[in-house]
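Peer 1: Structure, please.
(one chain, ligands or ions: 2)
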Amino acid sequence: MSKSSARFVCQECGAVTVKWAGKCETCGAWNSIAEEAPRENAPKGLGGKAGRKIEFVGLEGQAAPVPRLMTGIGELDRVAGGGLVPGSALLVGGDPGIGKSTLLTQAAAQLSAKHAVVYISGEEAVDQVRLRARRMGLAHAPVQLAAATSLRDIVSTLDVADAPAVVVIDSIQTMFADTVESAPGTVTQVRTCAHELIRLAKRRGFVLFLVGHVTKEGTIAGPRVLEHMVDTVLYFEGERGHQFRILRAVKNRFGATDEIGVFEMTDAGLAEVLNPSALFLAERRGNVSGSCVFAGIEGTRPMLVEIQALVAPSTLSSPRRAVVGWDTSRLAMVLAVLDARCGLALSGNDVYLNVAGGLRIAEPAADLAVAAALVSSASDIPVPADMVVFGEIGLSGEVRAVAQTELRLKEAAKLGFAQGLVPAMPRKGKGPVATGALGIRPLGHLQDLLGL
Ligand code: TYD
Ligand code: MG
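Peer 2: Numbers count the residues shown, from 1 in each chain. Ligands and ions are numbered 1, 2, ... in the order given. Presented below is the predicted three-dimensional model:
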């Protein structure tokens, strides 16, 4: 390849190809490949020049404990692993309009009570950001605000001895490095800008928040190309029509992943939801067939959610399968097990599955709750309104034990549930679990569910 020939870069995953294609071979995204200017400094050999000798040290040693910065927003602090680590970079990704700027404005305002905080917006004018802050009643917070997109300007401003403690960049896709020929938002630009800002954060010891839009069209580089560069990746999710927003840690060098924070979008910004189970169940109507309460665990927290299924006769030759909040292939597995092991054939029916409230469940422990909702809808017999369900289903139809049984049951008891449909098999090496006030109905095989 000659040095001046063009490069084609997938704007979703960053894969480089020599010619354009409609679909990225690496990540499978459609229409995501765009031409970018060739990289100017192609890697060269090291040459004869000797480098500096690296000094090695042992594993043992004193690492001074880093005091973390607390935002005062409990849900955010917990998802970040117990506060923010100075010198670390956090990527906050999410769909446009989901509330990233709102969350970070609130966090910036809270932090500014004790620390110097800088908020750099590349998307909105200063007045727009001020207007938002005023709406949320935060106009008096001493946050330093600027509208800027030039990486060079930002780095020169922040590369000083008295650098702020927290820097918010909203968003990384609007930043522009004049050393790179590509347009803002392309993979090369986003990577270059993020790289420089992260290096600066490490050198000056400030907490760096990078906002990144997740895109569908692939016209702007997805935050996925940044995930490996930052210390912490937080995704802000939720259905646009719902007021609930979920902040999920998918990578965290300083804490547990899979931790989630739950917020509610209100007129005055995002409010923390301290008892998500109560919220997710708030609109549940008892004694309806096809509805079942799943006792799940999100990160370290138990969370009760309603799973709704609708099984309806289909006129289509390949019946419809629509899933919101769960994995489609997992639903196919549960349906196949119901058919092959329990004789409940739903292949001629349309099946709709919905996790109420806009939560997305990834746990296999939801299998049994999904199966119960399906069986309930198909038979038109309601699952008892005071029952919670959890358990993993194996391919032979056996109900497998899941982790954190006690925690799930305790949360259910706290919210007034009286019985639990749970796996009969105890977890290997574990004794019987304390069930508290709950009546337990152990289930060994999915077949037994149909007899209930
Ligand atoms: P925003 O934080 O601008 O989204 P993002 O930065 O992720 O693109 O949030 C935009 C949405 O939030 C917008 O639809 C209006 C809504 N919103 C409220 O409902 N209440 C509020 O107090 C604020 C500030 C925004
Ligand atoms: Mg925004």
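
Peer 1: send the alpha carbons of stretch 108-123 over as PDB?
Peer 2: Only the C-alpha atoms of stretch 108-123 are listed here, as PDB (Å, rounded to 0.1, in the frame of the first residue of the first chain):
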ATOM      1  CA  ALA A 108     -20.200  18.900  38.400                       C
ATOM      2  CA  ALA A 109     -22.300  21.200  40.500                       C
ATOM      3  CA  GLN A 110     -22.100  18.900  43.500                       C
ATOM      4  CA  LEU A 111     -18.300  18.400  43.100                       C
ATOM      5  CA  SER A 112     -17.700  22.200  42.800                       C
ATOM      6  CA  ALA A 113     -18.700  22.700  46.400                       C
ATOM      7  CA  LYS A 114     -15.300  21.200  47.400                       C
ATOM      8  CA  HIS A 115     -13.200  21.000  44.200                       C
ATOM      9  CA  ALA A 116     -12.300  23.100  41.200                       C
ATOM     10  CA  VAL A 117     -14.500  21.800  38.400                       C
ATOM     11  CA  VAL A 118     -14.400  22.700  34.700                       C
ATOM     12  CA  TYR A 119     -17.200  21.900  32.200                       C
ATOM     13  CA  ILE A 120     -16.300  22.100  28.600                       C
ATOM     14  CA  SER A 121     -19.100  21.900  26.100                       C
ATOM     15  CA  GLY A 122     -18.500  21.300  22.500                       C
ATOM     16  CA  GLU A 123     -22.200  20.800  21.600                       C
END
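
Peer 1: State the next helix or strand along the chain beyond whichever strand or helix holds residue 292.
Peer 2: Under the criterion of DSSP states H and E, residue 292 resides in strand 291-298. Counting by DSSP H and E, the next helix or strand C-terminal to strand 291-298 is strand 301-313.

Peer 1: Quick one: name the residues of the stretch 101-250 of the chain near ligand 1.
Peer 2: By the rule CB under 6 Å from any ligand atom, the part of the stretch 101-250 of the chain lying against ligand 1 is 101, 102, 132, 135, 136. Yep, even glycine has a C-beta here, placed from its N, CA and C like the rest.

Peer 1: let's see 5 Å
Peer 2: When proximity is defined by CB under 5 Å from any ligand atom, the stretch 101-250 of the chain lies next to ligand 1 at 101, 102, 132.

Peer 1: Name the SS class of the second one, please.
Peer 2: Of the three states, residue 102 takes helix under DSSP: H, G, I helix; E, B strand; the rest coil.

Peer 1: count of neighbours near it?
Peer 2: Neighbour count of residue 102, defined by other CB atoms under 10 Å: 20.

Peer 1: residues in contact with it?
Peer 2: Taking CB atoms under 8 Å, 6 or more residues apart in numbering as the criterion, residue 102 is in contact with 132, 136, 265, 269, 270.

Peer 1: Next, the nearest residue to residue 81 once chain neighbours are set aside: phi, psi?
Peer 2: In space, and not counting its chain neighbours, residue 81 is closest to residue 255: 1.7 Å by CB to CB, 6 or more residues apart in numbering. Residue 255 has phi and psi values of phi 180, psi -180 when expressed as degrees, to the nearest 10.

Peer 1: Okay, angle between the strand holding residue 292 and strand 301-313 too, please.
Peer 2: Angle of strand 291-298 versus strand 301-313, following axes from the mean of the first three to the mean of the last three CA atoms, to 10 degrees, is 140 degrees.

Peer 1: which stretches of this protein have low pLDDT?
Peer 2: Within the chain, the segments meeting pLDDT under 70 span 1-5, 38-44, 63, 215-222, 425-436, 452.

Peer 1: Please name the bridge partners of the nearest residue to residue 24 once chain neighbours are set aside.
Peer 2: Closest residue in space to residue 24, ignoring its immediate chain neighbours: residue 10 at 4.1 Å, by CB to CB, 6+ apart. In this entry, residue 10 is beta-bridged to residue 33, by DSSP bridges.

Peer 1: what about residue 10, distance to residue 225?
Peer 2: Using CB to CB, to the nearest Å, one obtains 9 Å as the distance from residue 10 to residue 225.

Peer 1: Can you report how many residues lie near the residue of the stretch 251-400 of the chain found nearest ligand 1?
Peer 2: Closest contact between the stretch 251-400 of the chain and ligand 1, by CB to the nearest ligand atom, is at residue 269 (4.2 Å). Using other CB under 10 Å, residue 269 has 20 neighbouring residues.

Peer 1: Of the contacts of residue 102, which is the most crowded?
Peer 2: residue 270 (24 neighbours).

Peer 1: State the phi and psi torsions of the closest residue to residue 396 other than its chain neighbours.
Peer 2: If you skip the residues right next to it in sequence, residue 396 has residue 341 as its closest partner in space, 6.4 Å away by CB to CB, 6+ apart. With angles defined as degrees, to the nearest 10, residue 341 sits at phi -100, psi -20.

Peer 1: Could you do residue 234 as well?
Peer 2: With angles defined as degrees, to the nearest 10, residue 234 sits at phi -120, psi 130.

Peer 1: For it, which non-adjacent residue is closest in space?
Peer 2: Among residues not flanking residue 234 along the chain, residue 92 sits closest, at 5.1 Å (CB to CB, 6+ apart).

Peer 1: Double-check that that neighbour belongs to a helix.
Peer 2: No: applying three-state DSSP, one finds residue 92 to be strand, outside a helix.

Peer 1: can I assume it is in contact with residue 237?
Peer 2: No: counting by CB atoms under 8 Å, residue 92 does not reach residue 237; the two are 11.4 Å apart.
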